[in-house]
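Q: no sequence on this one, just coordinates:
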């Protein structure tokens, strides 16, 4: 049972032999990518889209998303990384931002869509269920790295954080909110919602428009991120504002306006290319 369970990370390293090191963080990210590509290809078949297109898109997404996710994080933590510039590329230690990944992945998808003459909304609809599932998996990397946790708590499902990973303000506290778990569970629910809508759309194609899944993802994921981010002690900040909350509000607004555009105005979403 979850109630009464105290989480404690066994450490970031799964296996170490000489110069060969396997870290939980990297293994989970790689697993999420592999599972996500396989799932999106399967969804593409159900929408009668060539699944090989998704395999090609995955390469573009990796190239666009991972560096941008790291760059986004480093830029908002720049003062910290000026003290240890050798860690700027040390992605295996953690420190990537999903919003940076979404920005980089979106730019890559726009270019890929234009080159292959396919709507980026069509591509995004096939990717977002995998993205939600991948986020659910990837958040456990934060658990093994003892990072991205919340404020101190005495709840039955509290998370133990080693002293060297605690914020200075909470050095005397041992147990914290397992926000990695909250977001992982939330993303599983988002994944189930998106998958349910996908199959509903197959059943009623005339009532389900391209882009719907992408817009619902923006709203559903961001709604959870806002309240979970409020619990965290390591938020990326822009002055007094938590960056993730600001971006989440923007994403919710885009999602709501997009759904109004689709279902009230009944107009196709504007795109950089016209589907053929």
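A: Looks like it arrived, so ask away. Values in this document were obtained by computation on a predicted structure and should not be read as measured data.

Q: give me the contact list for the lowest-mean-pLDDT helix or strand in the chain.
A: In the chain, the helix or strand scored least confidently by mean pLDDT, DSSP states H and E is helix 78-81, which has a mean of 83. Identification of contacts with helix 78-81 by C-beta atoms under 8 Å, 6 or more residues apart in numbering yields 74, 87, 88. All C-beta atoms are positioned from the backbone trio N, CA, C, and that covers glycine.

Q: confidence-wise, which of those comes last?
A: Within the set of those, pLDDT is lowest for residue 87 (79).

Q: how much space between that residue and residue 77?
A: From residue 87 over to residue 77 the distance is 10 Å, taken as C-beta to C-beta, to the nearest Å.

Q: got a list of what residue 42 touches?
A: Listed by C-beta under 8 Å, 6+ apart, the contact partners of residue 42 are residue 51.

Q: pLDDT score for it?
A: Note for residue 42: predicted pLDDT of 97.

Q: ok, residue 223 to residue 189 distance?
A: Distance, residue 223 to residue 189, by C-beta to C-beta: 11 Å.

Q: ok, the two, which is more surrounded?
A: residue 223 (17 against 13; other C-beta atoms under 10 Å).

Q: dump the residue contacts of the more buried one.
A: Contacts of residue 223 by C-beta under 8 Å, 6+ apart are 248, 252.

Q: check it and give its pLDDT.
A: So, for residue 223, pLDDT stands at 98.

Q: the closest residue to residue 130 other than its chain neighbours: what's it in contact with?
A: Spatial nearest neighbour of residue 130, excluding adjacent residues (C-beta to C-beta, 6 or more residues apart in numbering): residue 36 at 3.4 Å. If you count contacts by C-beta under 8 Å, 6+ apart, residue 36 has them with 58, 127, 130, 131, 133, 134.

Q: residues near the third one, how many?
A: Looking back up the chat, that one is residue 130. 26.

Q: what about the helices in the protein?
A: 24-46, 51-76, 78-81, 98-116, 120-145, 179-203, 212-229, 243-263 (DSSP state H).

Q: ok, residue 23 to residue 258 distance?
A: According to C-beta to C-beta, residue 23 and residue 258 sit 38 Å apart.

Q: quickly note the distance from residue 135 to residue 228.
A: From residue 135 to residue 228 the distance is 12 Å (C-beta to C-beta).

Q: same check on residue 265?
A: Here the criterion is C-beta to C-beta. By it, residue 265 lies 33 Å from residue 228.

Q: quick one, which of the two is more surrounded?
A: Between residue 265 and residue 228, counting by other C-beta under 10 Å, residue 228 is the more crowded of the two (22 against 7).

Q: the more buried one contacts residue 181, doesn't it?
A: No - in this structure residue 228 lies outside contact range of residue 181 using C-beta atoms under 8 Å: 9.9 Å.

Q: quick one: low-confidence parts of the chain?
A: Scanning the chain for pLDDT under 70 picks out 1-4, 92-94, 272-276.

Q: re the thing from before, do you know how far the residue nearest to residue 130 is from residue 221?
A: 15 Å.

Q: do the same with residue 85
A: 32 Å.

Q: how many residues are close by residue 109?
A: Neighbour count for residue 109, taken as other C-beta under 10 Å: 22.
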